[in-house]
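[1] Please find the sequence and the predicted model below.
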Amino acid sequence: MLRSLASRFLKLPRPLQAVPVIVVAAALWWAWPAESVSEKGRSAAAGGPGGPGGPRGPVPVRVAQVVQADFAVYEKALGTVTALNTVNVRARVGGELVKVLFEEGQMVKAGQLLAQIDPRPYEVAVQQAEGTLLQNQAQLKNAEIDLARYRGLYAEQSIAKQTLDTQQALVGQYQGTLKSNQATLAEARLNLQFSQIKAPISGRVGLRQLDAGNLLAANDSTVLAVITQTQPIAVAFTLPEGQVPALRAAQRRGAQLLVEAWDRNEQNLLASGTLHSLDNQIDSATGTLKLKAQFANADEALFPNQFVNVRLRLDVLPQVLLMPTAAVQFGSQGNFAFVVGESDKVRVQRLELGASDGRQTVVLDGLKAGERVILEGTDRLREGDAVDVIDGLSAPADPSRTPSGERKGQSLKRPGLGG
């Protein structure tokens with residue numbers, strides 16, 4: 001029978017003869033005992049150095065010291081720069097605009113000549129008023145002389161009382177006319193002055209809205225230019241109503257409250273000023289109180305309608321413990337920090353914290369001045385771990401140990417906190 005099977009097998013085509021051989025070889029390979037693990041693999045599996053169950057090498061971290069210093073308590077807000085005064089410059093008398101004497105955007109002083117309206121009609125009006133005044137002064141003088149003569153004649157009973165009274169009334173009439181003439185002359189002189197358009201305040205003049213040659217009407221709604229007072233300048237901002245008691249307490253201490261204006265990214269301090277005023281009521285729609293700070297703005301760092309970040313200093317805490325806010329950790333049982341202790345071993349220290357400005361945080365309890373807290377490299381730390389304190393931002397070869405905060409997808413819970 002075996003010979004029969006062998007003869008049939010040999011009669012098969014050569015490609016089909018290879019199939020049983022392959023099947024048998026695969027079965028033998030599958031049944032062969034697995035290769036024993038290497039010495040290094042057994043060491044790792046048993047919890048040796050570098051294995052998941054064994055001790056790890058020092059974790060690279062960056063640290064900072066807890067310091068003792070004064071700490072300013074600030075309240076932050078969003079603010080808008082506003083000109084202390086804004087004036088629309090208009091013509092007060094009518095006429096042809098013959099001269100424009102300012103450059104767009106230039107700084108002007110109060111009383112500086114900005115433009116000239118044709119003064120000739122107003123010069124003529126002044127001359128007419130002066131002539132009328134002289135005429136009435138002469139008439140009044142003549143009437144007063146006649147009145148004196150009539151009084152003498154009346155004393156001699158040479159004229160009737162009615163004649164004396166009539167002359168007395170004429171003198172009074174001329175006196176009234178003289179007053180009116182004086183007012184007309186004053187008005188003419190004032191209109192002549194108004195033909196010169198002058199800056200009512202000191203500040204920066206805006207873009208010119210009218211050119212020479214335009215015919216203007218008195219109190220025309222068309223604006224010649226706009227002047228904004230930028231030295232000093234103001235910043236308007238709001239505070240939540242919950243901060244009003246602290247604000248009022250700071251004001252009752254008597255000192256002026258410092259206000260800082262920072263740029264949009266809160267990277268550069270633009271100007272320092274003082275709190276100038278606050279509104280007399282809280283906005284019920286927003287629950288905020290409007291405030292205004294004033295800045296000298298000598299370097300013109302602030303510009304009207306500019307957006308700024310405002311910091312209002314409410315208090316200064318003397319000689320408190322400060323730690324970097326970046327070193328504060330958050331767990332299910334409260335705030336804590338990783339502290340580097342003796343022999344560069346990690347200690348998990350619970351903290352009681354106070355005020356913070358985003359960069360530094362006041363430590364009320366849990367740390368001492370000079371202790372080192374870990375800033376970066378905390379994502380794999382546990383109580384008692386050894387650490388390698390590095391300088392600067394040098395990163396280790398293992399990306400999972402890069403001292404740059406949390407890894408993607410990692411929970412905020414920290415090892416060694418019991419949940």
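    Structure's in. What do you need? Because the structure is predicted, anything quoted here is derived from the model rather than measured.
[2] Domain map for the protein?
    Annotated domains of the chain cover 59-70+319-401, 74-84+228-317, 88-216 [automatic domain parsing].
[3] between these, which gets nearest to T222?
    Closest to T222 of the domains of the chain is domain 88-216 (C-beta to C-beta; 6.4 Å). (Each C-beta comes from the backbone N, C-alpha and C, glycine too.)
[4] hmm, which helix or strand of the protein has the shakiest average pLDDT?
    Sorting the helices and strands of the chain by mean pLDDT, DSSP states H and E puts helix 39-45 at the bottom, at a mean of 38.
[5] What separation is there between the most centrally placed residue in the chain and F237?
    The centre of the chain sits closest to V308, judged by C-alpha atoms, centre = their mean, with a distance of 1.5 Å. Separation of V308 from F237 (C-beta to C-beta, to the nearest Å): 8 Å.
[6] quick one: common contacting residues for those two?
    L78, G79, T80 (C-beta atoms under 8 Å, 6 or more residues apart in numbering).
[7] Secondary structure and neighbour count added to those, as a markdown table?
    Below are the shared contacts of V308 and F237 laid out as a markdown table (DSSP: H, G, I helix; E, B strand; the rest coil; neighbours: other C-beta atoms under 10 Å):
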| residue | secondary structure | neighbour count |
| --- | --- | --- |
| L78 | strand | 11 |
| G79 | strand | 25 |
| T80 | strand | 14 |
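[8] quick revisit: who are the contact partners of the residue nearest to the residue nearest to the centre of the chain when sequence neighbours are not counted?
    Distances taken as C-beta to C-beta, 6 or more residues apart in numbering place A261 nearest to V308, at 4.4 Å, with adjacent residues excluded. Going by C-beta under 8 Å, 6+ apart, A261 touches 79, 81, 235, 269-273, 293, 295, 302, 308-310.
[9] Adding mean pLDDT and distance to T222 as columns, could you present the domains of the chain in a markdown table?
    Listed next are the domains of the chain as a markdown table, based on pLDDT from 0 to 100; distance: least, C-beta to C-beta, whole Å:
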| stretch | mean pLDDT | distance to T222 |
| --- | --- | --- |
| domain 59-70+319-401 | 83 | 49 |
| domain 74-84+228-317 | 93 | 19 |
| domain 88-216 | 93 | 6 |
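[10] As PDB, could you dump the C-alpha coordinates of stretch 163-179?
    Extracted C-alpha coordinates of stretch 163-179, given in PDB (Å, rounded to 0.1, in the frame of the first residue of the first chain):
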ATOM      1  CA  THR A 163     -39.000 171.800  29.100                       C
ATOM      2  CA  LEU A 164     -36.500 170.800  31.800                       C
ATOM      3  CA  ASP A 165     -38.000 167.300  32.100                       C
ATOM      4  CA  THR A 166     -37.900 166.800  28.300                       C
ATOM      5  CA  GLN A 167     -34.200 167.600  28.200                       C
ATOM      6  CA  GLN A 168     -33.600 165.300  31.100                       C
ATOM      7  CA  ALA A 169     -35.300 162.500  29.200                       C
ATOM      8  CA  LEU A 170     -33.300 163.200  26.100                       C
ATOM      9  CA  VAL A 171     -30.100 162.800  28.000                       C
ATOM     10  CA  GLY A 172     -31.200 159.400  29.400                       C
ATOM     11  CA  GLN A 173     -32.200 158.300  25.900                       C
ATOM     12  CA  TYR A 174     -28.700 159.100  24.600                       C
ATOM     13  CA  GLN A 175     -27.100 157.300  27.500                       C
ATOM     14  CA  GLY A 176     -29.100 154.200  26.700                       C
ATOM     15  CA  THR A 177     -28.200 154.500  23.000                       C
ATOM     16  CA  LEU A 178     -24.500 154.800  24.000                       C
ATOM     17  CA  LYS A 179     -24.700 151.600  26.000                       C
END
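[11] Name the residues of it that come out as buried.
    L164, Q167, L170, V171, Y174, T177, L178 (16 or more other C-beta atoms under 10 Å).
[12] for the lengthiest helix in the chain, packing partners?
    Determined from DSSP state H, the single longest helix within the chain is helix 120-155. Packing partners of helix 120-155 (3 or more C-beta pairs under 8 Å, 6 or more residues apart in numbering; DSSP states H and E): helix 161-194.
[13] elements contacting the helix or strand following the helix it packs on?
    Sequence order places strand 196-198 as the next helix or strand after helix 161-194, per DSSP states H and E. Identification of packing neighbours for strand 196-198 by 3+ C-beta pairs under 8 Å, 6+ apart yields strand 113-117.
[14] Now the strand it packs on - C-alpha only, CSV.
    Taking C-alpha atoms only, strand 113-117 is exported to CSV below (Å, rounded to 0.1, in the frame of the first residue of the first chain):
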residue,chain,number,x,y,z
LEU,A,113,-3.8,129.7,15.7
LEU,A,114,-5.2,126.9,13.6
ALA,A,115,-7.0,128.6,10.7
GLN,A,116,-8.1,132.0,9.5
ILE,A,117,-11.4,133.1,8.2
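[15] Just want the angle from it to helix 161-194.
    Inter-element angle recorded for strand 113-117 and helix 161-194: 120 degrees (by axes from the mean of the first three to the mean of the last three C-alpha atoms, to 10 degrees).
[16] Not counting its own residues, what contacts strand 113-117?
    Looking at what lies outside strand 113-117 - C-beta under 8 Å, 6+ apart - the contacts are 89, 91, 93-102, 108, 194-199, 205, 210, 216, 224-225.
[17] Tell me which of these fall in strands.
    89, 95-100, 108, 196-198, 205, 216, 225 (DSSP state E).
[18] Let me know the closest of the residues you listed to N335.
    Closest approach to N335 among the ones in strands among the contacts of strand 113-117 (C-beta to C-beta): V205, at 54.9 Å.
[19] Can you verify my assumption that the closest one contacts I227?
    Yes - with contacts counted by C-beta atoms under 8 Å, V205 reaches I227, the gap being 5.2 Å.
[20] Okay, T274 and Q251: tell me how far apart.
    For T274, the distance to Q251 - C-beta to C-beta - is 12 Å.
[21] Run through the bridge partners of the closest residue to R350 other than its chain neighbours.
    Distances taken as C-beta to C-beta, 6+ apart place F336 nearest to R350, at 4.9 Å, with adjacent residues excluded. When assigned by DSSP bridges, F336 has beta-bridge partners Q329, R350.
[22] Can you give me the distance of F336 to F71?
    21 Å.
[23] The two: who's more crowded?
    Shown here are F336 and F71; by other C-beta atoms under 10 Å, F71 has more neighbours (21 against 18).
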